[in-house]
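In: What follows is a predicted structure for the sequence shown.
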Amino acid sequence: MRLPDWHPHVDVWLILGGVWLAYLVAVRRRAAVAPHERTDVRRRATFFTLGMLTLWIAADWPMHDLAERYLYSVHMTQHLLFSLVAAPLLVVGLPAWMLRSILRPRPLGAIFSFLTRPLVALLFFNGVLLFTHWPEVVNASIGSEPIHLALHVLIVGSAVVMWWPVLSPLPESPPLNPPGQMLYLFFQSLAPTIPASFLTFGRSVLYDAYATFPRIWGISAMTDQLIAGLIMKLVGGAILWAFIAAIFFKWAGREQREGWDALEWRGVEREMRTGTVRR
């Protein structure tokens, strides 16, 4: 069976295109009034654009159609792109001045500050993860486009909250220190084990709707469910552990440089005291 026939997802184009254009207008205005920030603005705009591009790929044809009409494994891939690829890119792409403007209303700022506390963020994201994989919720979302869209917004929003303690661009709400970031992401890598185990080791199809869909490429409903569980655990875990490794090596490199700088400075002080400063 070939790919589903192409058809426009106008709602996706309007929502993502509108957000992206509003962002570009805002950063262009900022670059015009603050020329010294242009390099940072361009760098963050690149990350934000990549994040929006990832959201578009995951939410549009053919991934959307395959995920909602044929294969739960594609549905799982879609959610991983939302939460573990697009979300961190969006967080890095948001400049501090824009975030301060968005969070200026006191109630919104207070809610966001609470949700982005490390423990709260971890519990909130994984609560959303379990909720969006509950069989009744999955089956309901397939039959209703508004519910489906609302769940995707919830997934992306909870993922932004989850990544905040690691990638926060706000100086007044700084990220955890490197050991804290690694420990935080380690616990995050453990959480998806629960839903992934049900998908991988289940003896019956967990989601009734996917058992009734036409089969594509010779993949049975049970095989599709097994692949979905492996994607959640192995691919999702690999992404998180790649972040942990990157944080570790960056932290170790910085500690080593600072150690050498300290040794060199102590050497200079010693030479100054003994009057043997090299010229």
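Out: That came through, no problem.
In: tell me the centre residue of this structure?
Out: Nearest to the mean C-alpha position of the chain, by C-alpha atoms, centre = their mean, lies residue 87 at 2.9 Å.
In: For that residue, give its distance to residue 95.
Out: Distance check for residue 87 against residue 95: by C-beta to C-beta, to the nearest Å, it reads 17 Å. (C-beta placed from N, C-alpha, C; glycine too.)
In: again with residue 216
Out: Residue 216 sits 42 Å away from residue 95 when distances are taken as C-beta to C-beta.
In: So those two - more neighbours on which side?
Out: More neighbours surround residue 95 than the other of residue 216 and residue 95, with 22 against 16 (other C-beta atoms under 10 Å).
In: OK, contacts around the residue nearest to the more buried one when sequence neighbours are not counted?
Out: In space, and not counting its chain neighbours, residue 95 is closest to residue 44: 5.2 Å by C-beta to C-beta, 6 or more residues apart in numbering. For residue 44, the contact set (C-beta atoms under 8 Å, 6 or more residues apart in numbering) comprises 27, 92, 93, 94, 95, 169.
In: Now with 10 Å, please.
Out: Residue 44 sits next to 23, 27, 37, 92, 93, 94, 95, 96, 98, 169 when contact means C-beta atoms under 10 Å, 6 or more residues apart in numbering.
In: pLDDT on the helix or strand harbouring residue 53, on average?
Out: Counting by DSSP states H and E, the element that carries residue 53 is helix 38-59. Mean pLDDT, computed over helix 38-59, is 95.
In: Check the gap between the residue nearest to residue 95 and residue 167 for me.
Out: Distance from residue 44 to residue 167, by C-beta to C-beta: 12 Å.
In: okay, and the common contacts of these two?
Out: With C-beta under 10 Å, 6+ apart, residue 44 and residue 167 have common neighbours 92, 94.
In: Skipping adjacent residues, who's closest to residue 250 in space?
Out: Nearest non-adjacent residue to residue 250, counting by C-beta to C-beta, 6+ apart: residue 178, 7.4 Å away.
In: for the one you found, what are its contacts?
Out: Counting by C-beta under 10 Å, 6+ apart, residue 178 makes contact with 166, 244, 247, 248, 250, 251, 252, 254, 255.
In: any chance of those residues in CSV, plus secondary structure?
Out: Compiled in CSV, the contacts of residue 178 are given as follows (DSSP: H, G, I helix; E, B strand; the rest coil):
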residue, secondary structure
166, helix
244, helix
247, helix
248, helix
250, helix
251, helix
252, helix
254, helix
255, helix
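In: Which among those residues count as buried?
Out: Listed as buried from those are 166, 244, 247; burial here means 16 or more other C-beta atoms under 10 Å.
In: and the first one, what does it touch?
Out: With contacts taken as C-beta under 10 Å, 6+ apart, residue 166 has the following neighbours: 88, 91, 118, 121, 175-176, 178, 180-182, 184-185, 188, 243-244, 247.
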